[in-house]
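Trainee: Attaching a predicted model along with its sequence, questions to come.
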Amino acid sequence: MFLAKVVGSVWATKKTDNLTNLKFLVVHPLNLKKDPLTDVVIVADVLGAGIGETVICAYGHAARKAIQPEQPADLSIEAAVVAIVDKLDIDSKAMTKE
Amino acid sequence: MFLAKVVGSVWATKKTDNLTNLKFLVVHPLNLKKDPLTDVVIVADVLGAGIGETVICAYGHAARKAIQPEQPADLSIEAAVVAIVDKLDIDSKAMTKE
Amino acid sequence: MFLAKVVGSVWATKKTDNLTNLKFLVVHPLNLKKDPLTDVVIVADVLGAGIGETVICAYGHAARKAIQPEQPADLSIEAAVVAIVDKLDIDSKAMTKE
Amino acid sequence: MFLAKVVGSVWATKKTDNLTNLKFLVVHPLNLKKDPLTDVVIVADVLGAGIGETVICAYGHAARKAIQPEQPADLSIEAAVVAIVDKLDIDSKAMTKE
Amino acid sequence: MFLAKVVGSVWATKKTDNLTNLKFLVVHPLNLKKDPLTDVVIVADVLGAGIGETVICAYGHAARKAIQPEQPADLSIEAAVVAIVDKLDIDSKAMTKE
């Protein structure tokens, strides 16, 4: 899974039938560089993640299972929010190579 | 899923039998850098996306389910347009790191 | 799927049983940069793609379905040629960002 | 699979139902460059990997099978620790190109 | 699939049950740059590939099918050696862009 920050939403009228009523967010995968954020991933969300929040996203079957637990294989998505992050504990010593 | 801009089409006579009559587009995945667009992904499309339009594309099972909902596993594709974007709302403040 | 140019072949005597008699090509994924081609992907092929030809390749289930339509899950491959490109129409105006 | 170093943990109250009680680690994929570690992957763990340990992580079905062997398809994860590394033997001569 | 050079082995006592007795190699994916090899992938192997040998590796279902043909879905791996390369024929003319 990857960490990401929610930065926007996407609106689409013309889409695959099985995506009707699904909410799509624009998220930026996070790393620990100081580079500006430029990559964009589109993810489905049913947890209600808001702009600026940090989320955990998953790809593939895991994403479909999060959005539609009963019939995941009916969905044409492959990325979704699976958790909204409360707290991130990073050990700064562990982050340097031995 | 990823955001992309439609920039062309591909024509192929010799192809896997299960791809007959399928339309293939050339798309450029979009990020928020000012770099020229150079990456290319080939996606199947049944929504009728036109040159210059921004689309949401999905990989794998999600792509096959979008193109052929009844028997998705019969298709030899792994990327497809799943939505044509009307509007993209990006929060510029959320895009800088804290 | 990705666009690639066929640049070579690989020969292997010692291999997984289910790969016997399968032909493997060395291909270079294509982008629109002027960089020299350096990345290499190994793909199975039953369409007869020749050196120098441009092909569309697919990953995963799509690749197995192209090579062995009857029992795709029996194959230990995850990349294959699914089409040989006749013509590529790229709109140069669409390739610059607005 | 990829090698990674455990550098932290993530806490999330609001998450997909099937992830309740699952532990998520922040790991850095390892390569052999001297670059500082900046990429981050979120993985589920049931082996008890600690901060600073080197682990082998797997994606997709393999990850779900490691965390929940009985009903792997019920989980909304796609990355997990599958082994904690005791020893890594790298042949330095093999690492230069001929 | 990708080409790689075998550069080492990994030893792990604590691991997912279904990985007992499985051999894990450290391999470097090969490209045609003159860059030093720094990326590392961990792959399972039952073909007996030795240090310094060039191999073809596959991801996902293809990898599991190569290691355990009878019950591939029982394995928590997603990368494996599927062939040991005897000979690589690269056409140098095909490698420059037109």
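Mentor: Structure received.

Trainee: mind listing the strands in chain A by residue range?
Mentor: A:2-11, A:14-15, A:24-29, A:41-44, A:54-59, A:79-84, A:87-90 (DSSP state E).

Trainee: Please identify the most buried of these.
Mentor: A comparison of the strands of chain A by mean neighbour count, using mean count of other CB atoms under 10 Å in any protein chain shown, puts strand A:79-84 on top with a mean of 27. The C-beta positions use only the backbone N, C-alpha and C, and glycine is treated the same way.

Trainee: Quick check: residue A:41 touching residue A:10?
Mentor: No: assessed by CB atoms under 8 Å, residue A:41 is found out of contact with residue A:10, at 11.1 Å.

Trainee: so which of the strands of chain A comes closest to residue D:17?
Mentor: In this view, the strands of chain A are compared for proximity to residue D:17 by CB to CB, and strand A:79-84 is the closest at 10.3 Å.

Trainee: Say whether chain D is contacted by that closest one.
Mentor: Yes: judged by CB under 8 Å from any CB of the partner chain, strand A:79-84 and chain D are in contact via A:80, A:82, A:83, A:84.

Trainee: Give me the residues contacting that strand.
Mentor: With contacts defined as CB atoms under 8 Å, 6 or more residues apart in numbering or on different chains, strand A:79-84 is touched by A:1, A:25, A:27, A:41-47, A:49, A:53-59, A:62-64, A:66-67, B:1, B:58, D:10, D:12-16, D:19, D:24, D:76-77.

Trainee: Nearest to chain E: which residue in chain A?
Mentor: Across chain A, the shortest distance to chain E (CB to the nearest CB) belongs to residue A:60, at 10.2 Å.

Trainee: ok, that residue - contacts?
Mentor: A:78, B:60, B:61, D:60, D:78.

Trainee: okay, among the residues you listed, which ones form the most distant pair?
Mentor: Farthest-apart pair in the contacts of residue A:60 is B:61 and D:78; separation 13.0 Å (CB to CB).

Trainee: Between the two, which has more neighbouring residues?
Mentor: Set residue B:61 next to residue D:78 and count neighbours by other CB atoms under 10 Å in any protein chain shown: residue D:78 wins out with 26 against 23.

Trainee: The more buried one contacts residue D:59, doesn't it?
Mentor: Yes: between residue D:78 and residue D:59 there is a contact at 5.7 Å, judged by CB under 8 Å.

Trainee: quick one, what contacts residue A:17?
Mentor: For residue A:17, the residues meeting the contact criterion (CB under 8 Å, 6+ apart) are residue B:69.

Trainee: Just the pLDDT at the closest residue to residue A:14 other than its chain neighbours, thanks.
Mentor: Leaving aside its sequence neighbours, residue A:14 sits nearest to residue B:84 (CB to CB, 6 or more residues apart in numbering or on different chains; 4.4 Å). If you check residue B:84, the pLDDT there is 98.

Trainee: distance of residue B:84 from chain C?
Mentor: Remark: distance between residue B:84 and chain C (CB to the nearest CB, to the nearest Å) = 15 Å.

Trainee: residues shared between the contacts of residue A:41 and residue A:10?
Mentor: Common contacts of residue A:41 and residue A:10 (CB under 8 Å, 6+ apart): residue A:26.

Trainee: Out of the contacts of residue A:60, which is nearest to chain C?
Mentor: residue B:60 (6.3 Å).

Trainee: Pretty sure residue A:87 sits against residue D:11.
Mentor: Yes: Residue A:87 sits in contact with residue D:11 when judged by CB under 8 Å, with a separation of 4.3 Å.
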